[in-house]
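Novice: Fold the following and give me the result.
(2 chains)
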Amino acid sequence: EAQVTQNPRYLITVTGKKLTVTCSQNMNHEYMSWYRQDPGLGLRQIYYSMNVEVTDKGDVPEGYKVSRKEKRNFPLILESPSPNQTSLYFCASSLQRGIGALYTFGSGTRLTVV
Amino acid sequence: GENVEQHPSTLSVQEGDSAVIKCTYSDSASNYFPWYKQELGKRPQLIIDIRSNVGEKKDQRIAVTLNKTAKHFSLHITETQPEDSAVYFCAASSNYKLTFGKGTLLTVNP
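Specialist: Next up is the predicted model:
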């Protein structure tokens, strides 16, 4: 089944403790992206990757890192999480082809930083 | 960069009525406009999309219209049902980046 898999689904952590949220897709998609969703703010892009070893900042990259060493994986790293990073996170992937960006979303990761 | 404005932020309708959600975008290079439905606790799901070379698209009870000149697009849901209750997001795509509106909470009252 074609899908984007995120782990974990839920995570509660303490301020300053490094964490990684994993994202993996099995569709051979070139494009992958991370979004955070907050009430009243919609989905805002954190980082994206056009292909292996090619990453770039989105609209809200502060406090986050990403890597794209393999085509299928795009982990989101919080080196020193803070309470304002408490949010619902979505990974998405898309096959680059002509016009448009048909995204497939992961199931989401609800992160709480205390 | 792209900026997408979405209105209204909340919309309450009676079952069987129509619902309309409107979005505007700023980047004239945007060429793809999807709409997503997100139920509580779930991921956004694509419900309909339109490309910049098309003015209108319909799929059963939902339709989307696009006015490129005015840079706005709208979602129309007819004969609403309680299961249509959800948050709806519009988005605009330029160079594969999707910029989302802030969402509309649609409540369909039985």
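
Novice: At the geometric centre of chain A, which residue sits there?
Specialist: Against the mean C-alpha coordinate of chain A, by CA atoms, centre = their mean, the closest residue is A:Trp34 at 2.8 Å.

Novice: Let me know the secondary structure of it.
Specialist: Assigned with DSSP: H, G, I helix; E, B strand; the rest coil, A:Trp34 falls in the strand class.

Novice: Just the local confidence number for it, please.
Specialist: Reading off the confidence values, A:Trp34 has pLDDT 96.

Novice: check contacts around it.
Specialist: Taking CB atoms under 8 Å, 6 or more residues apart in numbering or on different chains as the criterion, A:Trp34 is in contact with A:23, A:45-48, A:58, A:64, A:66, A:74, A:76, A:89-92. Heads up, the C-betas are built off the backbone N, CA and C, glycines and all.

Novice: Show me which residues of chain A sit near chain B.
Specialist: If contacts are counted using CB under 8 Å from any CB of the partner chain, the residues of chain A sitting beside chain B are A:31, A:33, A:35, A:40-45, A:48, A:50, A:58-59, A:90, A:92, A:94, A:96, A:99-103, A:105-108.

Novice: out of those, which are buried?
Specialist: Buried members of these, counted by 16 or more other CB atoms under 10 Å in any protein chain shown: A:31, A:33, A:35, A:42-45, A:48, A:50, A:58, A:90, A:92, A:94, A:100-103, A:105-106, A:108.

Novice: Can you flag which of those belong to helices?
Specialist: Where these are compared with helices, as defined by DSSP state H, there is no overlap at all.

Novice: In strands only, show me those residues.
Specialist: For these, the ones inside strands are A:31, A:33, A:35, A:42-45, A:48, A:50, A:90, A:92, A:94, A:105, with DSSP state E as the criterion.

Novice: ok, A:His23 touching A:Thr5?
Specialist: Careful, residue A:23 is Cys and not His. Yes. Checked against CB atoms under 8 Å, the pair A:Cys23 and A:Thr5 is within contact range at 7.2 Å.

Novice: overlap in contacts of the two?
Specialist: Jointly contacting A:Cys23 and A:Thr5 under the rule CB under 8 Å, 6+ apart are A:Gly106.

Novice: quick one, which of the two is more surrounded?
Specialist: Applying other CB atoms under 10 Å in any protein chain shown to A:Cys23 and A:Thr5 shows that A:Cys23 carries more neighbours, namely 25 against 14.

Novice: out of everything not next to it in sequence, what's closest to that one?
Specialist: If the residues on either side of it in the chain are set aside, A:Cys23 comes closest to A:Cys91, at 3.5 Å by CB to CB, 6 or more residues apart in numbering or on different chains.
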